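>>> got a predicted structure here, sequence first:
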Amino acid sequence: MGTAERHEAPTAGDAAHLTVRRSPEALDHDIPARGGGTGPAARTTAEEQPHYRPLWIEEPARRRRMPDPVRTAAVRAVLIIAVTLIQAMVAFLCTLAGSWLAFPMVISSVASTVAATWAALDVWVTRQVWNQRNGVVSVPSSTARALRRERRKARRQARAAERAQARIRRRGGAGQLSHP
């Protein structure tokens, strides 16, 4: 059942239950669902008209999706930073409480801070490496795009030369100017 359908439970006096369907265009409660005719189907009471508005409206993305390696590094960094913040808070609370766990937590928080810094740098480095290897696609004069075009052209020429050599071999040497 879609979100545009609504089933109401039968009341004490009703034996059948009511199904009201709304078209996606009829999002407001005072707009009729089908064509707006004047027949008996168009006459509905306020109880039969559901109040349907979408929870959200889809909008196109403003930025492109991050490449998979960069997104993986970013998720890893966020998790490490979250654990580091939790450790730092536990260390602080243990210090305030005078617990024996305060010293080990402070030491582990320092180590986690180093790991979190490393993870944040990993995101930056991974992004730079990905951009260098694959080029910045959004820039029309990207040097990576020109290099890829040249490599494709060279591969095409190599395949054409290989096909020509195979054709000559199949003919048994026909087409050669001289025989050794």
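Right, received. Where do you want to start?
>>> can you give me the helices for the chain?
68-97, 102-134, 143-170 (DSSP state H).
>>> looking at those helices, which one has the lowest mean pLDDT?
Ranked by mean pLDDT, the helices of the chain end with helix 143-170 at the bottom, a mean of 89.
>>> just the angle between it and helix 102-134, please?
60 degrees (axes from the mean of the first three to the mean of the last three C-alpha atoms, to 10 degrees).
>>> now the helices of the chain as a markdown table including mean neighbour count?
Every residue, glycine included, has its C-beta placed from N, CA and C. Shown next, in a markdown table, are those (neighbours: other C-beta atoms under 10 Å):
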| stretch | mean neighbour count |
| --- | --- |
| helix 68-97 | 15 |
| helix 102-134 | 15 |
| helix 143-170 | 11 |
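>>> tabulate those helices (CSV), appending distance to residue 53.
Output for the helices of the chain, formatted as CSV (distance: least, C-beta to C-beta, whole Å):
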stretch, distance to residue 53
helix 68-97, 33
helix 102-134, 39
helix 143-170, 45
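>>> quick one, phi psi at residue 59?
Backbone torsions of residue 59, given as degrees, to the nearest 10, read phi -120, psi 150.
>>> going forward, count from 211.
Sure, I'll start numbering at 211, so the last one becomes residue 269.
>>> roughly how far does it sit from residue 275?
As for residue 269, its distance to residue 275 is 15 Å (criterion: C-beta to C-beta, to the nearest Å).
>>> before we move on, what about residue 382?
For residue 382 relative to residue 275 (C-beta to C-beta), the value is 55 Å.
>>> cool, and residue 308?
Distance from residue 308 to residue 275, by C-beta to C-beta: 49 Å.
>>> same question, residue 369
33 Å.
>>> again with residue 302
38 Å.
>>> before we move on, what about residue 294?
In terms of C-beta to C-beta, residue 294 sits 27 Å off from residue 275.
>>> could you do residue 353 as well?
Taking C-beta to C-beta, one finds residue 353 at 23 Å from residue 275.
>>> give me the neighbour count for residue 267.
Using other C-beta atoms under 10 Å, residue 267 has 6 neighbouring residues.
>>> I meant residue 308, not that one.
7.
>>> distance of it from residue 302?
The gap separating residue 308 from residue 302 is 12 Å, by C-beta to C-beta.
>>> do residue 326 as well
16 Å.
>>> and residue 294, by the same measure?
13 Å.
>>> for residue 305, which non-adjacent residue is closest in space?
residue 312 (4.4 Å; C-beta to C-beta, 6 or more residues apart in numbering).
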